[in-house]
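In: Got a predicted model here, sequence first, then my questions.
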Amino acid sequence: MKGLEISRRFFEEYGRQMLEENFPSILPLIAVGLVGSGSECLGYDDEVSRDHDFEPGFCIFIPGEDIVDRQTAFKIERAYAKLPKEYEGLKRSVISPVGGSRHGVIRIDEFYEEKVGSASGALSAREWLTIPEHALLEATSGEVFFDNYGLFSDIRSRLSAMPEDIRLKKLAGALIIMAQSGQYNYNRCLAHGETGAAQLAAIEFARSAMHAVFLLNGRYMPYYKWSFRAMRDLPVLSQLADTVEFLLSGDNDASNAAVKSDIIEDVAQMIISNLMEQKITEAICGDLEKHAYSVNDRISDPNLRNMSVFAGV
């Protein structure tokens, strides 16, 4: 059973009754779910995941002290700590009376402040460009079991997808890195006899190509260890995951180098085709750099458009 399902069942069997019986006046003011860090929030947990930070538990999200005071929050946390210590063969960790890091009572503003640096989820263009996407994904992953107050879900919805101008700026940056590292520098490094540098170029190309694919799908790219897993589940260009993996894992001897060079061009052309399908480029060529500037030209905000094309990298 996946961690998210364990969390939901644990809440339904024990948590809901605890809240309804002991804190009926608080129910209209809270949200409950499993959101934040951990592979279980992405649905990627397996047996290996259970060696650390894996337990039955859920989050009780409460508003600020002006609505739910500190004493009440403390009482809810104590009641949460008294729930069964073991469930489905998994033991719960001991949670401090002032709250746990992933489960238990969590202030809504503190959760979003920690994840994205904004208690309200309102982000400036520069913040959208600089906050790591895996942090945005953590803030919007998992599942909300119920939200009577609505504040947690409102902020979550605000952060669920980046604005279109931001997507285009990030995409332009990914495309130009792909152009420089893959279409230009990979073969030049090999010509210089710098196979290590050539591999670094392949890595830069692969990382940026993956990012471009996530952006073309309108999805946040997760923390690197889950990037391939998530990429294989995308509706658009998921087939590139194995291709990109070869660029990272194959060496750079003469035969492999020729294959890699062809793969780089194949990946570039598949991404260009999708850019054209989405009608976000007007360039008619196989040069990713030209497409990067064409994508950048479609940004509606002139201040964002006039930033360096690398601003979203």
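Out: Thanks, I have it.
In: Can you list the low-confidence ranges for the chain?
Out: By pLDDT under 70, the low-scoring segments of the chain are 49-53, 94-101.
In: Please enumerate the strands of it.
Out: Assigned strands in the chain, in chain order: 31-34, 59-62, 86-87, 90-91, 104-107, 143-147 (criterion: DSSP state E).
In: what's the most buried one of these?
Out: Greatest average neighbour count among these goes to strand 59-62 (a mean of 26), per mean count of other CB atoms under 10 Å. Yep, even glycine has a C-beta here, placed from its N, CA and C like the rest.
In: Keeping just the C-alphas, turn it into CSV.
Out: C-alpha atoms of strand 59-62 as CSV (Å, rounded to 0.1, in the frame of the first residue of the first chain):
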residue,chain,number,x,y,z
CYS,A,59,-1.0,17.0,8.5
ILE,A,60,-3.5,19.2,10.2
PHE,A,61,-3.2,22.7,8.7
ILE,A,62,-4.4,25.5,10.8
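In: ok, that strand: who's next to it in the sheet?
Out: Here strand 59-62 is paired, per DSSP bridges, with strand 31-34 (antiparallel), strand 104-107 (parallel).
In: re earlier: I'd like the strands of the chain as a markdown table, with distance to Val244 appended.
Out: Shown next, in a markdown table, are the strands of the chain (distance: least, CB to CB, whole Å):
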| stretch | distance to Val244 |
| --- | --- |
| strand 31-34 | 30 |
| strand 59-62 | 34 |
| strand 86-87 | 39 |
| strand 90-91 | 35 |
| strand 104-107 | 36 |
| strand 143-147 | 29 |
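In: Of the ones you listed, which is nearest Glu127?
Out: Closest to Glu127 of the strands of the chain is strand 104-107 (CB to CB; 20.6 Å).
In: Give me the contact list for that closest one.
Out: The contact list for strand 104-107 (CB atoms under 8 Å, 6 or more residues apart in numbering) reads 57, 59-64, 73, 76-77, 80-81, 95, 99.
In: just how off-centre is it within its chain?
Out: 22 Å (CA atoms, centre = their mean, to the nearest Å).
In: quick one on the thing from earlier: okay if I get the contacts of strand 104-107 as CSV plus distance to Lys169?
Out: What follows is the contacts of strand 104-107, written out as CSV (distance: CB to CB, whole Å):
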residue, distance to Lys169
Gly57, 38
Cys59, 32
Ile60, 37
Phe61, 31
Ile62, 36
Pro63, 33
Gly64, 33
Ala73, 40
Ile76, 42
Glu77, 42
Tyr80, 42
Ala81, 45
Ile95, 41
Gly99, 37
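In: which one of these sits closest to Met1?
Out: Nearest to Met1 among those, with distances taken as CB to CB, is Gly57, at 14.3 Å.
In: which residues sit in contact with the closest one?
Out: With contact taken as CB under 8 Å, 6+ apart, Gly57 is in contact with Ser7, Phe10, Leu34, Arg92, Gly100, Arg102, His103, Gly104.
In: Now do the phi/psi pair for it.
Out: With angles defined as degrees, to the nearest 10, Gly57 sits at phi 180, psi 170.
In: returning to that earlier point: and the strands paired with strand 59-62 as JSON lines, adding distance to Pro24?
Out: JSON lines is the format used below for those (distance: least, CB to CB, whole Å):
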{"stretch": "strand 31-34", "distance to Pro24": "14"}
{"stretch": "strand 104-107", "distance to Pro24": "17"}
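In: of the ones you listed, which approaches Cys189 most closely?
Out: The nearest among the strands paired with strand 59-62, by CB to CB, is strand 31-34 at 45.2 Å.
In: ok, the nearest residue to Leu136 once chain neighbours are set aside to Glu13 distance?
Out: Distances taken as CB to CB, 6 or more residues apart in numbering place Tyr220 nearest to Leu136, at 5.1 Å, with adjacent residues excluded. With the distance defined as CB to CB, to the nearest Å, Tyr220 ends up 32 Å from Glu13.
In: In terms of packing, which of these two has more residues around it?
Out: Tyr220 (22 against 13; other CB atoms under 10 Å).
In: Pretty sure Pro132 is one of the things that one touches, is it not?
Out: No: Tyr220 is beyond contact range of Pro132, at 9.2 Å (criterion: CB atoms under 8 Å).
In: Tell me how far the residue nearest to Leu136 lies from Phe214.
Out: As judged by CB to CB, Tyr220 and Phe214 stand 7 Å apart.
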